[in-house]
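*Asks:* Fold the stuff below for me.
(chains A and B)
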Amino acid sequence: MSEINGASGRASGAIVMDGVRKGYGEDWSWQQVIESVSLDLPPGQFTAVVGPSGCGKTTLVNLLAGFERADEGSIAVDGRIVSGTSRDRMVVFQESALMPWLTTYQNVAFGPKLRGDMRGAALDREIDRLLNKVGLAEFKDKFPLQLSGGMQRRAELARAMINSPSIMIMDEPFRGLDAMTRELMQEFLLRLFEETGRTHFFVTSEIEEAIFLADRLVVLSNRPVTVRTVIDIELPRPREFHLLSTPEAYDYKREALEILHEEAMKSFGGGGSVQNELVEAIARRG
Amino acid sequence: MTGSPVESVSGRRSEPPRGMALFAYRAGRMVRTTGPYLTVLGIGAWLLLWWLFSEVWYLPRFEKMPGPVAVLSDLFARDPFQGISIFTDEYYEHIWVSCRRILFAFCIATGVGVPLGLCMGWSVQFRHYTFPILETLRPIPILAWVPLSILMFRGFEAPVIFLATLASLFVTTLNTMLGVQSIDESYFRAAGCLGSNRWQIFRHVVVPGALPFIFTGLQISIGVAWFSLVAAEMVSGDWGLGYLIVDAYMNNVTVPMVIGMITLGFVGWGTSVLVRIAGNRMMQWRTRALALEGR
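*Replies:* Alright, predicted model coming up:
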């Protein structure tokens, strides 16, 4: 199977969000989650979306994936309006959503087998290639609950990649992993991206992770969500982990943190002095 | 970083044992723990108390209860004093008849209850049709169905099987429905992303996802089936362990009564174990994960 941009030589997966609004509840309990989000994301880029925790990033993911519909505005991918799920937009979930009753192999085979667009020896070869790539060849007959957290995430990456989607949507995919595994997974994902040039829409609450991975950084406001700013991360690729200790990376980090800090303060409700100090301490540490 | 992150299959020193070797290994490990000895001790203490109460001290309320010596000597007698022992054909006939009825009842209840519960969990519309009826019928005690079942069905066999089926049907249906509702939304979403249609989601997400609850339900359901079977056999019957118990009571022979009770205990336990084994076979993914946690 050809990699994403191999055949046409042109990247696909351009995302255009135009005035997207979304809220939940009845009239009397209405919660506006997304106030207004407009974004124009070119194909073949790695976009990282950061925002204060609980601001509604997952809602944005659900809309882009097609799990939910926006109340107003539209989302288009390569010019086509999103109206439901599609194999072109693969989601890697917060907690692993591998089917626990299927082995690693069967999980990866799930999509192609159901759609019937790849079978037999060709499918076996493709799965073997992908499992080798994510380092799980030896574990193809294990069930997800027998794998470590990091291995589960890699199996999930393989399950998504076999469908050669034009966009990988990732909703805090490395949450809950220990620091070391997380770092390895970030480098691993970075290499996959640099190899394939596939469009990524990556939601995270970790600013360093976002700067390390992304071409552009979308900083969201607190709830109800608007786009506070979009920062182009012009750091050279291929990237290595020590990149984060360079002054350029530090500048990006400070720029984003200042906005996030401001937004986080809002969710502390005006903030007494104790809360102020706490938020500032977190900002300094970050 | 270079090279993909690869874990190797942990340092295995030898191939895992299989078949008889595995059995011997497990048995060997078991006798080295305190578990089996505590079990033997517990059963011994229980038998001792029973013996002291009914055959040594003749405590009030216990004087009519046959003691363990009387029961066991009759149970293993070639020519039992009160008619029932492991050497009489009657004993096995009673067991066989009850087991056959349970088999029928359990199969019908599972065959109807699991699909019904899956549909109820899967389709909101279907749930609106059926759930209120289920919830109204479910609390009616099985004994309240006895007169109706005798009126509805002829003979001894059909009403008894009907009652046992009914009891386990409710349990199985309800548990299956809850099983479907317990499936995490992300599996449905993942399956949707991967391009499954509604039927494929039912087949590949709903059914396997509900299995843990289904088998919990089946374990309870087979117990409930025994419960209502025996009640039914006591009211109307010609054979079966429930009939044996009530018949012995009517004829004032108490030892077969106790033999019937003990036999019920063992047979019921056996059927539960069979259901559990079937469940573990069908849910390897779960069994292996639990094994990793040492359970």
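*Asks:* Next, give phi and psi for the closest residue to B:T88 other than its chain neighbours.
*Replies:* Among residues not flanking B:T88 along the chain, B:P80 sits closest, at 6.6 Å (CB to CB, 6 or more residues apart in numbering or on different chains). (C-beta placed from N, C-alpha, C; glycine too.) The phi/psi pair for B:P80 (degrees, to the nearest 10) reads phi -70, psi 140.
*Asks:* again, but for the one 4 residues further on
*Replies:* In terms of degrees, to the nearest 10, the main-chain angles of B:I84 are phi -120, psi 120.
*Asks:* Now do it against chain A, distance only.
*Replies:* Relative to chain A, B:I84 is positioned 46 Å away (CB to the nearest CB, to the nearest Å).
*Asks:* Kindly report the same for B:V275.
*Replies:* Separation of B:V275 from chain A (CB to the nearest CB): 19 Å.
*Asks:* Sticking with that residue, tell me its helix or strand.
*Replies:* According to DSSP states H and E, B:V275 maps onto helix B:254-282.
*Asks:* Can you list the buried residues in that helix?
*Replies:* Judged by neighbour count using 16 or more other CB atoms under 10 Å in any protein chain shown, the buried positions of helix B:254-282 are B:254-260, B:263-264, B:267-268, B:271-272, B:275, B:279.
*Asks:* Tell me which helix or strand comes right after it.
*Replies:* Remark: after helix B:254-282, the chain's next helix or strand is helix B:284-292, criterion DSSP H and E.
*Asks:* and that following helix with helix B:254-282, angle?
*Replies:* Orientation of helix B:284-292 against helix B:254-282 (axes from the mean of the first three to the mean of the last three CA atoms, to 10 degrees) gives an angle of 100 degrees.
*Asks:* Could you look up the SS state of the closest residue to chain B within the stretch 151-286 of chain A?
*Replies:* Residue nearest to chain B within the stretch 151-286 of chain A: A:E187 (4.4 Å; CB to the nearest CB). Using DSSP: H, G, I helix; E, B strand; the rest coil, the three-state assignment for A:E187 comes out as helix.
*Asks:* Do I have it right that it meets A:F241?
*Replies:* Yes - judged on CB atoms under 8 Å, A:E187 makes contact with A:F241 at a distance of 6.2 Å.
*Asks:* Compare neighbour counts for the two and give me the winner.
*Replies:* Comparing A:E187 with A:F241 by other CB atoms under 10 Å in any protein chain shown, the one with more neighbours is A:E187, at 18 against 13.
*Asks:* Can you show me the helices along the stretch 151-295 of chain B?
*Replies:* Taking DSSP state H, counting those that start in this stretch as the criterion, the stretch 151-295 of chain B carries its helices at B:157-181, B:185-193, B:198-201, B:207-235, B:241-250, B:254-282, B:284-292.
*Asks:* Identify the residues contacting the second one?
*Replies:* Contact partners of helix B:185-193, identified using CB atoms under 8 Å, 6 or more residues apart in numbering or on different chains, comprise A:65, A:67, A:84-87, A:89-91, A:93, A:95, A:97-99, A:110-111, B:200-201, B:204-205, B:209.
*Asks:* if you set the cut-off to 6 Å instead, what comes out?
*Replies:* Contacts of helix B:185-193 with the rest of the structure, by CB atoms under 6 Å, 6 or more residues apart in numbering or on different chains, involve A:67, A:85, A:90-91, A:93, A:97, B:201, B:205.
*Asks:* same question, stretch A:94-104
*Replies:* With contacts defined as CB under 6 Å, 6+ apart, stretch A:94-104 is touched by A:107, A:136, A:139-145, A:152, A:155-156, A:171-172, A:175, B:186, B:190, B:208, B:285.
*Asks:* in that stretch, what counts as buried?
*Replies:* Under 16+ other CB under 10 Å, the buried positions of stretch A:94-104 are A:94, A:96-104.
*Asks:* Repeat that for stretch A:16-31.
*Replies:* The neighbour-count check on stretch A:16-31 (16+ other CB under 10 Å) flags A:16-18, A:20-22 as buried.
*Asks:* before we move on, what about stretch B:176-188?
*Replies:* B:176-180, B:183, B:186-188.
*Asks:* of all these, which comes closest to chain A?
*Replies:* B:S186 (4.0 Å).
*Asks:* check contacts around A:K140.
*Replies:* By CB under 6 Å, 6+ apart, A:K140 lies in contact with A:104-105, A:131.
*Asks:* what does A:I207 give?
*Replies:* A:I207 neighbours (CB under 6 Å, 6+ apart): A:50, A:253, A:256.
*Asks:* And the first one, how far from A:L235?
*Replies:* For A:V50, the distance to A:L235 equals 16 Å [CB to CB, to the nearest Å].
*Asks:* Nearest residue to A:V61 in space, ignoring adjacent ones along the chain?
*Replies:* A:V61's closest residue in space is A:D171 (CB to CB, 6+ apart), at 4.5 Å.
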